[in-house]
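Trainee: Next one to model:
(4 chains)
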Protein chains: 2
Amino acid sequence: MPVKRPPRTRLSADERERHIARGAVAFFCEAGFGGQTRELAKRLGITQPLLYRYFPNKEALIDRVYREVYLNRWDPRWEEVLDDHSRPARERIIAFYREYAKAVLSYEWIRIFMFSGLRGMNLNSRYLTLVRDRIYTRVIRELRREHGLPSPAEVPIGEMEFELVWALHASIFYIGIRKWIYGLEIPENVDEVVENLATAFLDGVPAVMARALTPAAKAPRRAPRRRG
Amino acid sequence: MPVKRPPRTRLSADERERHIARGAVAFFCEAGFGGQTRELAKRLGITQPLLYRYFPNKEALIDRVYREVYLNRWDPRWEEVLDDHSRPARERIIAFYREYAKAVLSYEWIRIFMFSGLRGMNLNSRYLTLVRDRIYTRVIRELRREHGLPSPAEVPIGEMEFELVWALHASIFYIGIRKWIYGLEIPENVDEVVENLATAFLDGVPAVMARALTPAAKAPRRAPRRRG
DNA sequence: AATGCGGGTGATCGGGCGATAGATAGGCGG
DNA sequence: CCGCCTATCTATCGCCCGATCACCCGCATT
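Mentor: Numbers count the residues shown, from 1 in each chain, chains lettered A, B, ... in the order given. Purely as a prediction, here's the structure:
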């Protein structure tokens, strides 16, 4: 009685390597890096030892997954959009966040990012440092300019300003966390949500930012301050 | 040559049970639920089989960790603060978020919450549904009242309004993610940051919220809308 | 001092999983 | 059609880890 067995499909080394890499991304996103090589092999329709022909060990496979997901995620046009002074700052910032959300709100990115953070990789901090240096600084610079505040060259960007931009970043990223980590429902029209978040940010932040830029306002903290 | 061995410390069943439970929380927070029972036992200064005298298996231990962390985290006073009409809504909302941040921004909570989410538990969605029903609805109700918008009884709370409140929640929670999952530095004075986030929220959201409440404004989406 | 109860330990089992080694098959150059 | 090269498979090793079992020991009771 012959066991029903999928036919041995023979690929070139390159093809098979890419095949495994793609499968590994999908698999480890879902199962976490504790996922088993046997299970991965089963999903790929190959035997488990074959993985070891292309990757010396599991760790190498995981490294490959990181590279696959982290590289090519950064879009240089983001910086261009933020620098394009032919459009109003407000419009540029909203446009950027809409693009950014599109790139970042994916099952793979959100989960790999979390898994790598929990694993103690420093990939996250490296990536986020990049975001801060390339993106946050630009957003703050444009916001300041739009509201007639001193430029970063004149007054360096303060911790609190970064925090405010972090908040917008967080509220967008968290949409992905809700969906792909908590398994919650999220609105269908994410684009519209992101646009509204950015709008609310642009409306609400400048006042706080201006206050953070005038050192005097920092002294009395406990009393609930209303505007003015 | 006698091996140096910690003396066998004998506790009452109750004490030992709590001892293990506390240790398990600390351990699994750090190592994730894939952490090994032997390692846990070593940290507790006991042998691994002793764990099984108090918990039938590893899963039960993990359940206990969940209970330990999830229960007693909810503070009923939160709702009272938000309902206390003797203070201005603005002040109440800021006060609430300051309290909430204090409860939620802890190593244990942030990491257990993430781990349980990635594990596919529905604890997260249960907890967050509670937050939405008990907190978000109140925040929105008070915000609407302060700005002369119809009450939730008159016009039910819309998806977009919830999204705006989610955003504030996210920006606070994400501070913890940055610190305890990504290992990034965060400002020393988190209280002040939270207050500023809440302030920026209160300044920026009402305009967007009012727009979301008038269905006409929803039609033209693509054109960059400036205020007014 | 003898006894027994219950907290604690050492030794070990059995399955799971990463990794390896040797056998097999299928296509290509000659 | 032959022989070789290499992609793939079968079988298995060795360690790790959750779980179990039989035994030990110290205190309370009598």
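Trainee: Kindly provide the distance from A:Lys179 to B:Glu159.
Mentor: Distance, A:Lys179 to B:Glu159, using C-beta to C-beta, to the nearest Å: 14 Å. Heads up, the C-betas are built off the backbone N, CA and C, glycines and all.
Trainee: wait, what's in contact with the nearest residue to A:Arg132 once chain neighbours are set aside?
Mentor: Distances taken as C-beta to C-beta, 6 or more residues apart in numbering or on different chains put A:Phe162 closest to A:Arg132, at 6.8 Å, once the chain neighbours are dropped. Residues in contact with A:Phe162 (C-beta atoms under 8 Å, 6 or more residues apart in numbering or on different chains) are A:132, A:136, A:140.
Trainee: burial count for the second one?
Mentor: So the one you mean is A:Tyr136. A count of nearby residues for A:Tyr136, using other C-beta atoms under 10 Å in any protein chain shown, gives 20.
Trainee: Which stretches in chain A count as helices?
Mentor: Here chain A has its helices, by DSSP state H, at A:13-31, A:37-44, A:48-54, A:58-70, A:77-83, A:89-104, A:107-118, A:123-131, A:137-146, A:159-180, A:190-213.
Trainee: Present the ones you listed as CSV; the columns should include mean pLDDT and distance to B:Ala103.
Mentor: Formatted as CSV, those follow (pLDDT from 0 to 100; distance: least, C-beta to C-beta, whole Å):
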stretch, mean pLDDT, distance to B:Ala103
helix A:13-31, 97, 31
helix A:37-44, 98, 38
helix A:48-54, 97, 45
helix A:58-70, 97, 34
helix A:77-83, 97, 36
helix A:89-104, 97, 28
helix A:107-118, 97, 22
helix A:123-131, 96, 25
helix A:137-146, 96, 30
helix A:159-180, 98, 18
helix A:190-213, 93, 24
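Trainee: Can you tell me how far whatever residue of chain A ends up closest to chain B is from DNA strand D?
Mentor: Of all residues in chain A, the one sitting closest to chain B is A:Gly204 (2.2 Å; C-beta to the nearest C-beta). From A:Gly204 over to DNA strand D the distance is 47 Å, taken as C-beta to the nearest atom of the strand, to the nearest Å.
Trainee: Contacts only, for that residue.
Mentor: Applying C-beta under 8 Å, 6+ apart, the residues contacting A:Gly204 are B:199-205.
Trainee: can you tell me which of those residues lies nearest to DNA strand D?
Mentor: Nearest to DNA strand D out of those is B:Phe201 (C-beta to the nearest atom of the strand; 42.9 Å).
Trainee: Report the contact partners of the closest one.
Mentor: Going by C-beta under 8 Å, 6+ apart, B:Phe201 touches A:200, A:204, B:164, B:167-168.
Trainee: Among those residues, which one lies nearest to A:Ala210?
Mentor: Closest approach between the contacts of B:Phe201 and A:Ala210, by C-beta to C-beta: A:Gly204, at 11.9 Å.
Trainee: any idea how far the closest one lies from A:Arg38?
Mentor: Distance, A:Gly204 to A:Arg38, using C-beta to C-beta: 52 Å.
Trainee: same deal with A:Ser116?
Mentor: According to C-beta to C-beta, A:Ser116 and A:Arg38 sit 23 Å apart.
Trainee: And for A:Ser12?
Mentor: In this structure, A:Ser12 and A:Arg38 are 24 Å apart, going by C-beta to C-beta.
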